[in-house]
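Participant: Sharing a model that was predicted from the sequence below.
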Amino acid sequence: MPSLPDMTTPNVADLAREAAQTASAHPAVPQPDAGQEAFSEMLLRLGDSTLILGHRISEWCGHSPALEEDIALANVALDLIGQTQLWLSLAGEVEGKGRSADDLAYLRDAWDFRNLLICERPNGDFGHTLMRQFLFDAWHHELLKALAASSDPRVAEIAAKAGKEVAYHLERSSDLVVRLGDGTEESHRRMQEALDDLWSYAGEMFIGDAKDAEVAARGIAPDPSTLRAAWDQTLQHVLTEATLQIPEGSFAHKGGKQGIHTEHLGYILSEMQFLQRAYPGASW
C-alpha cells in the first residue's frame with residue numbers, strides 16, 4: 001500500500017501531459033491583425049480617396065448640364081462612397097483601435113487623411129470633372145484588378161465587388177471624354193485645358209513609399225509603379241480617339257498619401273463633417 005505522501009503528491013509529468021492535451025483541444029485564437037500599420041495605411045489610402053472623390057462628385061447633384069448626367073454622377077458618387085464604407089471598415093478592423101468607418105470618415109482632421117491629391121481638386125466645369133474622373137477611373141480599374149488577387153481574402157473580396165462598378169465608371173468617363181474631346185472647338189479646348197491642369201496630379205498614383213513596398217512584399221497590394229504601363233495604354237487609346245494631346249511633363253504633385261494636402265481638403269471636410277462636429281455622437 002502506498003504511503004500517504006505518495007498518494008497526495010501530484011505526478012508532475014501526468015499533469016503536464018494533461019495540460020498539453022487540454023490546450024490542443026482548444027486551439028489558440030488567432031492574433032488580430034491590429035498593429036499592421038502599413039496594411040492599415042493602405043486601406044486608409046483607398047477609402048479616403050474614394051470618400052473624397054465621391055464627395056466631390058456629389059457636389060454636382062442638381063447642377064449637372066443634363067438630367068441624365070445628374071443621375072449618372074450621383075450614382076458614381078454613391079458607388080465610391082459605398083466602397084469607402086468597405087475599405088474604412090476593414091481599416092478600422094486592421095488598426096485595432098475600435099474605430100468604425102464613420103469614426104474614420106468624420107472624426108479625423110485633414111492631416112490624418114491619406115487620399116490622392118487629384119481627388120480633392122475642385123470640380124471646375126463639367127469637362128474638368130469628367131477628365132479628373134477618367135484619369136482616376138483608369139488607375140482605379142487597374143488597381144482593383146490587381147487587388148482582386150490579393151493575399152488577404154478580405155481585400156480580394158472587396159476589390160472583386162468594387163471592380164464591377166469601376167469597370168462601368170471607366171467605360172462611361174472614357175466615352176464622354178471622347179465625345180467632348182472630339183466634339184466642338186469649345187469642348188475640345190476645355191477638355192485639353194482640363195487634361196493639362198490635372199496631369200501633374202495624376203503621377204502620385206504611381207509613386208510608392210515604404211508602406212507600399214511592405215504590403216507589396218506581402219502580396220496584399222501591387223507596387224504602385226506596376227500599374228503605370230496599363231494606365232498609359234488606356235490613356236493612349238482614349239485620348240487619341242478624343243483628339244487630345246497627352247502632356248509631356250513628368251512632374252508629379254505628391255504628399256496626399258502621407259497626409260500633406262492642398263487647402264481644398266479643409267473646405268471639403270468642413271462641409272462633410274459639419275453634422276458630426278456640431279452634434280457629436282448623433283445618430284439617426
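Facilitator: Alright, I've got the coordinates.
Participant: hey, where'd the strands end up in the stretch 101-250 of the chain?
Facilitator: For the stretch 101-250 of the chain, no strands turn up when DSSP state E, counting those that start in this stretch is the criterion.
Participant: any low-confidence regions in this protein?
Facilitator: Low-confidence segments of the chain (pLDDT under 70): 1-35, 284.
Participant: Dead centre of it: give me the residue that sits there.
Facilitator: Geometric centre of the chain, nearest residue: Leu46, 1.4 Å, by Cα atoms, centre = their mean.
Participant: Which other helices and strands does the helix or strand containing it contact?
Facilitator: Here Leu46, judged by DSSP states H and E, is contained in helix 37-58. Under the contact criterion of 3 or more Cβ pairs under 8 Å, 6 or more residues apart in numbering; DSSP states H and E, helix 37-58 touches helix 67-95, helix 101-106, helix 117-120, helix 126-147, helix 210-217, helix 263-272. Heads up, the C-betas are built off the backbone N, CA and C, glycines and all.
Participant: Buried residues, the shortest one. List them.
Facilitator: Of the residues in helix 117-120, those scored as buried under the neighbour-count criterion (16 or more other Cβ atoms under 10 Å) are 117-120.
Participant: now for that helix, which elements pack on it?
Facilitator: If contacts are counted by 3+ Cβ pairs under 8 Å, 6+ apart, helix 117-120 sits against helix 37-58, helix 126-147, helix 185-202, helix 263-272.
Participant: Now do the buried residues in the first one.
Facilitator: Read it as helix 37-58. So helix 37-58, judged by 16+ other Cβ under 10 Å, has buried residues 38-58.
Participant: on that earlier part again, can you add distance to Trp87 and give the helices and strands packed on helix 117-120 back as CSV?
Facilitator: Shown next, in CSV, are the helices and strands packed on helix 117-120 (distance: least, Cβ to Cβ, whole Å):
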stretch, distance to Trp87
helix 37-58, 3
helix 126-147, 10
helix 185-202, 21
helix 263-272, 16
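Participant: And those helices: which comes nearest Arg154?
Facilitator: Proximity to Arg154, assessed across these by Cβ to Cβ, is greatest for helix 37-58 (9.6 Å).
Participant: Helix 126-147 and that closest one, what's the angle between them?
Facilitator: Taking axes from the mean of the first three to the mean of the last three Cα atoms, to 10 degrees, one finds helix 37-58 and helix 126-147 inclined to each other by 150 degrees.
Participant: distance between helix 37-58 and the chain's centre?
Facilitator: Chain-centre distance of helix 37-58: 4 Å, with Cα atoms, centre = their mean, to the nearest Å.
Participant: Also stretch 187-196?
Facilitator: Remark: stretch 187-196 is offset 27 Å from the chain centroid, using Cα atoms, centre = their mean.
Participant: Give the closest residue to Val155 in space, chain neighbours not counted.
Facilitator: The shortest distance from Val155 to any non-neighbouring residue, by Cβ to Cβ, 6 or more residues apart in numbering, is to Leu147 (5.7 Å).
Participant: The one you found contacts Glu157, doesn't it?
Facilitator: No - checked against Cβ atoms under 8 Å, the pair Leu147 and Glu157 is beyond contact range at 9.9 Å.
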